[in-house]
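*Asks:* need a structure here:
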Amino acid sequence: MKMTLGAVAKSGTARANKTGSWRTIRRPLFLHVGCTACNLCSLSCPEGCISGSTKNMYCPDFDFCKGCGVCATVCPTHDIEMIPEEHGKDCVPGVAPLKAPYNDCEIKKMSSS
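*Replies:* Have a look, this model is predicted:
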């Protein structure tokens with residue numbers, strides 16, 4: 001019997017099941033402002049659920065996204081933020097979403113300018 005040790009399954013193997021319901025805490029927010037179409041987010045996604053081909057056109061399929069944050073970690077331009085699940089909006093390719101709720105430092109900075 002031949003056995004392969006250390007085998008790795010290809011990404012997107014859960015396509016038969018909509019596994020995005022496992023996501024409970026955070027989800028990616030694609031800002032569509034500084035994207036350079038480097039494709040690192042798509043290549044590093046363990047579920048293979050991020051698609052796009054040109055600048056500011058990448059979006060995840062939230063039916064399969066588990067909110068792991070790998071895409072936000074590898075993005076060299078920091079154009080992906082992980083936000084609380086309840087603040088999530090649908091991703092529209094090429095459209096910059098409203099920013100996630102501002103933190104105290106950002107509010108102070110805006111009010112002082």
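
*Asks:* mind listing what the spatially most central residue of the chain touches?
*Replies:* In the chain, the centroid-proximal residue (C-alpha atoms, centre = their mean) is residue 28; its distance is 3.7 Å. Taking C-beta atoms under 8 Å, 6 or more residues apart in numbering, we find residue 28 in contact with 60, 65, 67, 69, 71, 72, 80, 81, 82, 83. The C-beta positions use only the backbone N, C-alpha and C, and glycine is treated the same way.

*Asks:* just say helix, strand or coil for it.
*Replies:* strand (DSSP: H, G, I helix; E, B strand; the rest coil).

*Asks:* identify the bridge partners of it.
*Replies:* residue 82 (DSSP bridges).

*Asks:* any idea of the pLDDT on it?
*Replies:* Note on residue 28: pLDDT of 93.

*Asks:* tell me how far it lies from residue 35.
*Replies:* Look at residue 28 and residue 35: by C-beta to C-beta, to the nearest Å, they are 13 Å apart.
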